[in-house]
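Asks: Sequence plus the predicted model coming up.
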Amino acid sequence: MKASMVALLILSLQQVSSFPGGSIEGHLVRLGTSDPVGGARVVLAKVGGELSDYRFVTSDQSGAFALRNLAAGSYRVYTERFGYLQPKYRGSGGEFTGMPVALADGQKLSNIVITMTPSGVIAGRVRDPEQKPLRNVWIRAMKAEYYQGRRSLELVEFAQTNDLGDYRIFELPPGLYFVSAELNRPRIQGENYIAPNPVLQINGSARDYQFQSNTPGEAAIAGGSVSAAAFDKNVFFRTYFPNTINSDDAAPVELRAGATLTGVDFSISPKPTVHVRGKVISAASAQRLPTVWLDSPQLSVYASVRDMGAFDFPAVPAGKYDLWSSQGTSPATSLAGTIQIEVADRDIENVTLALRPGFTIQGRMTIDGRRPSSSDPKFGVQVLGRTGPRCCSVVAVQSDGTFTVNTYLTPNEYRFRIFQGNDYAYVKSAHYGSEDALDASFRVDGTSGPRFEINVSLRTGTLDVLVADEKQVPVTGVSVVAVPEPTHRKRFEYYPTAITNNTGRAHFDRIEPGDYQLFASREIETTAWQDPDFMRLYEYRGQEFRIQEGEKKDVTLKLTPGRD
């Protein structure tokens, strides 16, 4: 009986050992080199499996790793080592960690190369005007995002200065960063009391909204939580490198992979502020509104409207601002108003912001000069204001080509963009009355404005790009952007972007005919190319190409070199 059980066990082991298991073998290399990365943890997790069901090995000194006796299936390969970032991969769903690998029965995958990017550090110190160190100052490392040419700065990581006024932000990916310093101090902003929050995670999961608590002023006073420091007329505003409170004047710093960038220093001081007071009225009668906004690159705050339409901004530094408000969501009830004010060293009193019904723009769209037909794609049109209410919603183009825009339109400079479904089109010409609106903004001044004429074409081009390094090896997972010629660079929807696949190729279905420069980069955000100041740094580093209507083109592109 025992002998038969032993024989059965031996047979089972023989069957298991003869199972045609697959394997995954490869190397880890340092970004931009063939240098091996040893001592890294390589983890294999099966897609659809349990989190606890994983395999791991450690890469040897040659950077090699091997995972064997694997069943068929879809996997993700994760890598981790101190001093390196976890590799990111791009797919249809966005950016993710873990290299996707599909394994068939008995398949041996070898020569897989995983690129490890060494992390960088930004470091510096913060001093007051007397060169004394300032502690507990929040330092933010941010990257720029652009929408229709408007730059916003998004937090990547942060740190706080120590008792010597020094800071160090680590584990940063390479790229261009905007760095700011903000003293940990309460303040009054509009009708609210802003108090700093203690942030426990440095270089962790904390995000910008966790830096402060926002309490209505009346509630803060009633609760006895207001600090006397908040009533100081001199306020510490967020300061951007190199020492400006205007985010438009902030200068980026470039962090190379694995580098420690020092000397990003600040000297911050409190700025004098004044009150801006006034009232809001509507075209029909005095009307209470929920909020009034005061906007500029250095400050964006709001204040509640009180009895008789009164508002008060109590701590406003010198600068130029857009003061605006809006109410209503339908064309019949929408009211809006925008004025520009300039703040100096004295309180500004009796500002009047008049709200009026929005203007109407009547327009017509043609396709290659003809009226749309039932077989043509459906289009939408959006009008975007330079300042003030974020006009307007996308409006549908009717079957006869006409459209009407009439929400929150006040005297202002505007741009437009078109939308369509799965079909591809580009704008050949656009006029607002006699104004050319294709590559420049147009001004809306009154209710009886001229007609808006847009002519589009469906004959876009197709572009395939192969990105290769200096050794002609295809480069995967990098961003490719086509930047239009200078006369078209304010048409922000025409900066086509794509990500190279595992063969180093990127495909563009919709390319407007014209002249372009192609750029390929691991480190630069795809929206950064909308910034003219940024483009001046890279103007002559792209590869030029021209595409005609309906043309299909193939281009081989090298990685865009960084700044000297």
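Replies: Everything's here; your move. Given the structure is predicted, the values throughout are model-derived calculations rather than measurements.
Asks: Report the backbone C-alpha coordinates of stretch 481-497 in CSV.
Replies: The C-alpha coordinates for stretch 481-497 follow below in CSV (Å, rounded to 0.1, in the frame of the first residue of the first chain):
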residue,chain,number,x,y,z
VAL,A,481,4.0,66.3,-30.1
ALA,A,482,3.5,68.1,-33.3
VAL,A,483,3.9,71.9,-32.7
PRO,A,484,2.3,74.0,-35.5
GLU,A,485,4.1,76.9,-37.2
PRO,A,486,4.3,80.2,-35.2
THR,A,487,1.3,81.8,-36.9
HIS,A,488,-1.0,78.9,-35.7
ARG,A,489,0.3,78.5,-32.2
LYS,A,490,-2.7,80.1,-30.5
ARG,A,491,-4.9,77.4,-31.9
PHE,A,492,-4.3,75.2,-28.9
GLU,A,493,-6.4,72.3,-30.1
TYR,A,494,-4.0,71.7,-32.9
TYR,A,495,-1.1,70.4,-30.9
PRO,A,496,-1.6,66.7,-31.7
THR,A,497,0.1,64.3,-29.3
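Asks: List the buried residues in that stretch.
Replies: 481-484, 488-492, 494-497 (16 or more other Cβ atoms under 10 Å). Backbone N, C-alpha and C define where each C-beta goes, glycine included.
Asks: ok, residue 125 to residue 164 distance?
Replies: 7 Å (Cβ to Cβ, to the nearest Å).
Asks: These two: who's more crowded?
Replies: Using other Cβ atoms under 10 Å, the more surrounded residue of residue 125 and residue 164 is residue 125, with 21 against 11.
Asks: Just confirm residue 395 contacts residue 379, I think it does.
Replies: No: if you go by Cβ atoms under 8 Å, residue 395 and residue 379 don't touch, sitting 9.9 Å apart.
Asks: So between these two, which is more surrounded?
Replies: Using other Cβ under 10 Å, the more surrounded residue of residue 395 and residue 379 is residue 379, with 23 against 19.
Asks: Give me the pLDDT for that one.
Replies: The model reports residue 379 with a pLDDT of 91.
Asks: what's near enough to touch it?
Replies: 365, 372, 396-397, 418-420, 425, 456 (Cβ atoms under 8 Å, 6 or more residues apart in numbering).
Asks: Need the residues touching each of residue 125 and residue 164.
Replies: Residues touching both residue 125 and residue 164 (Cβ under 8 Å, 6+ apart): residue 133.
Asks: follow-up on the earlier one: quick one: which of the contacts of residue 379 sit in strands?
Replies: 365, 396, 418-420, 456 (DSSP state E).
Asks: quick one on the thing from earlier: quick one: which of the contacts of residue 379 is nearest residue 340?
Replies: Using Cβ to Cβ, residue 418 comes nearest to residue 340 of the contacts of residue 379, at 29.4 Å.
Asks: returning to what we had before: farthest pair in the buried residues of stretch 481-497?
Replies: Those two in the buried residues of stretch 481-497 that are separated most widely, counting by Cβ to Cβ, are 490 and 497, at 17.3 Å.
Asks: isn't residue 235 right up against residue 270?
Replies: Yes: using Cβ under 8 Å, residue 235 makes contact with residue 270 at a distance of 5.9 Å.
Asks: So between these two, which is more surrounded?
Replies: Between residue 235 and residue 270, counting by other Cβ under 10 Å, residue 235 is the more crowded of the two (22 against 16).
Asks: contacting residues around residue 227?
Replies: So residue 227 contacts 186, 195 (Cβ under 8 Å, 6+ apart).
Asks: Please report the distance of it from residue 253.
Replies: Distance from residue 227 to residue 253, by Cβ to Cβ: 33 Å.
Asks: likewise residue 498?
Replies: Counting by Cβ to Cβ - residue 498 and residue 253 are separated by 28 Å.
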